[in-house]
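Student: quick check, what structure comes out for this input:
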Amino acid sequence: MKSEANELFAKAPVPIAVLKNVIPSIISMIMVLLYNLADTYFIGQTKDPLMMSAVSITTPVFFLFMAVGMLFGIGGTSLISRLLGQGNPDKAKHVSSFCFWTSVVVGIIATILIFLFRTQLCYAIGASKDTVKLASDYVWIVGLGIPFLIVSNAFSNIIRAEGRVKTAMVGIVVGNLTNIILDPIFILGFGWGVAGAAIATTIGNVCAALCYIIHLSSKRTALSISPRKYRWINGVATGVFAIGIPASLNSVLLSVSNILINVKMAHFGDLAVAGLGVAMKINMIVVMLLIGLGTGVQPLLGYCFGAKNLKRFKSVLMFTCFVAITMSAIMTVICYFFAKPLTAIFLEDATASAYGISFCRLLIISGPILGILFVLINAIQSTGSAVGALILSISRQGIFFIPVLLLIVAVHYTERALVIAQPIADYMSTLLAIIITMKIYRKAERTMSTPDEVALAQDKED
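Tutor: Numbers count the residues shown, from 1 in each chain. Modelled structure (predicted):
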C-alpha cells in the first residue's frame with residue numbers, strides 16, 4: 001500500500017492525482033443520490049403526498065447519524081492520512097480500530113433510544129396527526145440499521161486514506177444498488193409503502209458495512225478493526241475528534257436546520273412540506289456531488305500536509321477549486337431550467353408540485369459558489385487545523401442559516417421567504433470561508449517553513 005500511496009499522492013501530476021481521488025468519490029456520491037432519490041421516486045409512485053411528507057420529515061433524523069459516521073470518517077481520514085504521510089502505520093491501525101468499535105457502540109445506543117421514543121420524536125420533528133404513524137414506521141425500521149449506517153459512512157471515507165479509493169466506492173455502490181433494487185419490490189410490489197422503503201434502506205446499509213468489514217479483515221489493508229488494536233489514548237481519540245467534531249457539526253446543523261424549516265413549513269400544510277422535501281432532494285444533487293469533490297481530494301491534501309509538501313498542497317487545492325467552479329456552474333444551470341420536469345418525477349399533486357418547482361429554483365440560487373465552500377472546508381480539515389475547520393463547518397447551517405431563518409419568521413413569514421434563507425446563508429458562509437483560507441495561506445507564505453508550523457501558529461492565533 002505504501003508504494004501505491006506514494007505513487008498517487010506524492011509523485012503523480014496534480015490533475016491526475018486529483019481526478020483519481022475525486023472521481024471515485026463523486027461516483028460514490030452519485031450512488032448516494034440515486035439511493036436518496038429512489039426512495040423519493042418510488043414513494044411518489046404511490047401517489048400519496050402524505051407518504052412523501054412523512055419521509056421528508058424523517059430524513060433529517062438520519063442525517064444526524066450520518067453525521068456521526070462523518071465524525072469518525074473525516075476525523076479518522078484526516079489523522080490516518082497524515083500518519084501514513086509521516087510513516088507511522090501502527091498508529092494508523094489504532095485509529096481505524098478506534099473509529100470502528102466506537103461507531104458500533106454509538107449505533108447500538110442510538111437504535112435503542114429511537115425504538116423507545118419514536119412517536120415522540122416524530123411529533124417533535126414536525127409530523128402531523130395524519131403523518132405520524134407513517135413517520136414512526138419509517139423511523140424505527142431504519143433505526144434498526146443505524147450501527148451499519150454509521151460504520152458504512154465512516155469507512156467509506158477512512159479507506160480512502162490508504163489510497164483505496166475504488167474499494168471505498170464499491171461499498172457505497174453495493175449498499176445503494178441493493179436499496180435501489182429492493183425499493184420498487186417492497187414499496188410497490190409488496191405494497192408496503194413507507195415501511196418498504198425503510199426495510200430496503202436498512203438492508204442496503206447492512207450490505208455496505210459488510211463490504212468494508214470484509215476488506216478491513218483482509219491482509220490487503222494497512223488498517224485494522226481488530227479489538228486488540230483499539231486505542232483511545234496517545235492522541236488517537238483527540239486527533240479524530242479535533243477534526244471529526246467540526247466536520248460532523250456541519251451535518252448535525254444541516255439536520256437541525258432541515259428539521260427547523262420542516263416545522264416552520266408545516267404551518268402551511270403537508271403539501272408544502274412535501275414540495276419542500278422534493279426541492280431539497282433536487283438541490284441535494286448539486287450539494288452531494290460537490291461534497292464528493294471535497295471529500296475525495298481530502299486524503300491527497302492530508303498526505304501532502306503530513307509529508308510537509310506545502311507547494312504540492314497548494315497546487316492540489318487550486319486545481320480542485322477550478323474543477324469545483326466548473327461543476328457548480330453546470331449543475332446550477334441544469335437544476336434551475338429543468339426544475340419543472342425534475343419535480344414532476346416525484347410529485348403528481350398539482351399543489352405540491354407547484355411548491356416544489358418554486359422552492360427548487362430558490363434553493364439553487366447559491367449553486368454557483370457551493371463548490372468553493374465544500375473544497376475549502378475539506379482543505380482546512382485535511383491540515384488538522386481544528387479552529388479553522390470548526391468555524392467553516394458551523395458557518396453554513398449554524399452561524400448564518402438558523403439566525404436568518406428565525407429573522408424571516410419574525411419579519412416576513414411566507415413559504416418562499418423560508419426557503420430563501422438557505423441561499424443567503426450559503427453566500428455569507430462562502431465569503432467567510434474565503435477570508436479564513438486567505439488568512440491561513442498568506443501567513444504560511446510569509447512566515448512558515450513547514451505546514452506543521454502553519455497549523456500550530458494558526459490555532460494559537462485563533
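Student: residue 72 sits in which helix or strand?
Tutor: Per DSSP states H and E, residue 72 falls inside helix 49-85.
Student: I'd like the next helix or strand past that helix.
Tutor: From helix 49-85, the next helix or strand downstream (DSSP H and E) is helix 89-124.
Student: show me the shaky parts of this structure.
Tutor: Applying pLDDT under 70 to the chain flags residues 1-7, 384, 386, 443-462.
Student: show me the strands in it, by range?
Tutor: Using DSSP state E, no strands are assigned anywhere in the chain.
Student: which neighbouring elements make contact with the helix holding residue 72?
Tutor: helix 14-44, helix 89-124, helix 132-143, helix 146-158, helix 193-216, helix 236-265, helix 270-306, helix 367-383 (3 or more C-beta pairs under 8 Å, 6 or more residues apart in numbering; DSSP states H and E). Using the backbone N, CA and C atoms, a C-beta is placed for each residue, glycine as well.
Student: that one: how far from the chain's middle?
Tutor: 5 Å (C-alpha atoms, centre = their mean, to the nearest Å).
Student: stretch 10-25 too?
Tutor: With C-alpha atoms, centre = their mean, you get 21 Å for stretch 10-25.
Student: can you show me the CA trace of it as CSV?
Tutor: These are the backbone C-alpha positions of stretch 10-25, laid out as CSV (Å, rounded to 0.1, in the frame of the first residue of the first chain):
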residue,chain,number,x,y,z
ALA,A,10,3.3,12.2,-3.8
LYS,A,11,4.5,11.6,-7.4
ALA,A,12,1.6,11.7,-9.8
PRO,A,13,0.9,15.0,-11.7
VAL,A,14,-1.6,17.2,-9.8
PRO,A,15,-4.5,16.9,-12.2
ILE,A,16,-4.1,13.1,-12.4
ALA,A,17,-3.7,12.7,-8.6
VAL,A,18,-6.8,14.9,-8.0
LEU,A,19,-9.0,13.2,-10.6
LYS,A,20,-8.1,9.7,-9.5
ASN,A,21,-9.1,10.6,-6.0
VAL,A,22,-12.3,12.6,-6.7
ILE,A,23,-13.8,10.6,-9.5
PRO,A,24,-14.5,7.5,-7.3
SER,A,25,-15.7,9.8,-4.5
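Student: and it, what's buried?
Tutor: 12, 14, 17, 18, 19, 20, 21, 22, 23, 24, 25 (16 or more other C-beta atoms under 10 Å).
Student: what's the closest non-adjacent residue to the first one?
Tutor: What sits nearest to residue 12 in space, not counting adjacent residues and going by C-beta to C-beta, 6 or more residues apart in numbering, is residue 20, at 7.2 Å.
Student: now do residue 180 against residue 32, distance only.
Tutor: Distance, residue 180 to residue 32, by C-beta to C-beta, to the nearest Å: 11 Å.
Student: and the helix holding residue 72 with helix 146-158, angle?
Tutor: Relative orientation of helix 49-85 and helix 146-158, computed by axes from the mean of the first three to the mean of the last three C-alpha atoms, to 10 degrees: 50 degrees.
Student: just the helices and strands packed on helix 49-85: most buried one?
Tutor: Ranked by mean neighbour count under mean count of other C-beta atoms under 10 Å, the helices and strands packed on helix 49-85 are led by helix 146-158, which reaches a mean of 28.
Student: isn't the residue nearest to residue 12 up against residue 13?
Tutor: No. Counting by C-beta atoms under 8 Å, residue 20 stays clear of residue 13, with 10.3 Å between them.
Student: count of neighbours near residue 319?
Tutor: As a burial measure, residue 319 scores 17 neighbours (other C-beta atoms under 10 Å).
Student: make that residue 233, sorry
Tutor: Residue 233 has 9 nearby residues by other C-beta under 10 Å.
Student: only alpha carbons, please: show stretch 262-271 as PDB.
Tutor: Extracted C-alpha coordinates of stretch 262-271, given in PDB (Å, rounded to 0.1, in the frame of the first residue of the first chain):
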ATOM      1  CA  ASN A 262     -39.900  21.500   8.100                       C
ATOM      2  CA  VAL A 263     -41.500  22.500  11.400                       C
ATOM      3  CA  LYS A 264     -41.900  26.100  10.100                       C
ATOM      4  CA  MET A 265     -43.200  24.900   6.700                       C
ATOM      5  CA  ALA A 266     -45.700  22.600   8.400                       C
ATOM      6  CA  HIS A 267     -47.600  25.800   9.200                       C
ATOM      7  CA  PHE A 268     -48.600  25.900   5.500                       C
ATOM      8  CA  GLY A 269     -49.700  22.300   5.400                       C
ATOM      9  CA  ASP A 270     -48.500  18.800   4.400                       C
ATOM     10  CA  LEU A 271     -48.400  19.600   0.700                       C
END
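Student: contacts for that stretch?
Tutor: Outside stretch 262-271, the residues that touch it by C-beta atoms under 8 Å, 6 or more residues apart in numbering are 49-50, 53, 56-57, 60, 125-126, 128, 130-131, 272-273, 276-277, 349, 351-352, 355, 405, 409, 413, 415, 418.
Student: could you do stretch 107-122 as well?
Tutor: With C-beta under 8 Å, 6+ apart, stretch 107-122 has contacts from 57-58, 61, 65, 68, 131-132, 135-136, 139-140, 143-144, 146-151.
Student: for that stretch, C-alpha coordinates in CSV please.
Tutor: This file holds the C-alpha atoms of stretch 107-122, laid out as CSV (Å, rounded to 0.1, in the frame of the first residue of the first chain):
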residue,chain,number,x,y,z
GLY,A,107,-25.0,3.0,16.8
ILE,A,108,-26.4,0.4,19.2
ILE,A,109,-27.3,3.1,21.8
ALA,A,110,-29.0,5.2,19.1
THR,A,111,-31.1,2.2,17.9
ILE,A,112,-32.4,1.6,21.4
LEU,A,113,-33.3,5.2,22.0
ILE,A,114,-35.1,5.6,18.7
PHE,A,115,-37.1,2.4,19.3
LEU,A,116,-38.2,3.7,22.8
PHE,A,117,-39.1,7.3,21.8
ARG,A,118,-40.0,7.0,18.1
THR,A,119,-43.5,8.6,18.4
GLN,A,120,-42.4,11.5,20.5
LEU,A,121,-39.5,12.0,18.1
CYS,A,122,-41.8,12.2,15.1
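Student: make a PyMOL selection of the buried ones in the contacts of stretch 262-271.
Tutor: With 16+ other C-beta under 10 Å as the criterion, this PyMOL line picks the buried residues out of the contacts of stretch 262-271:
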select buried, resi 49+50+53+56+57+60+125+126+128+131+272+273+276+277+349+352+355+405+409+415+418
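Student: now do the residue nearest to residue 402 when sequence neighbours are not counted against residue 435, distance only.
Tutor: Using C-beta to C-beta, 6+ apart and skipping residues adjacent in sequence, the residue nearest residue 402 is residue 257, 5.9 Å away. Going from residue 257 to residue 435 by C-beta to C-beta gives 22 Å.
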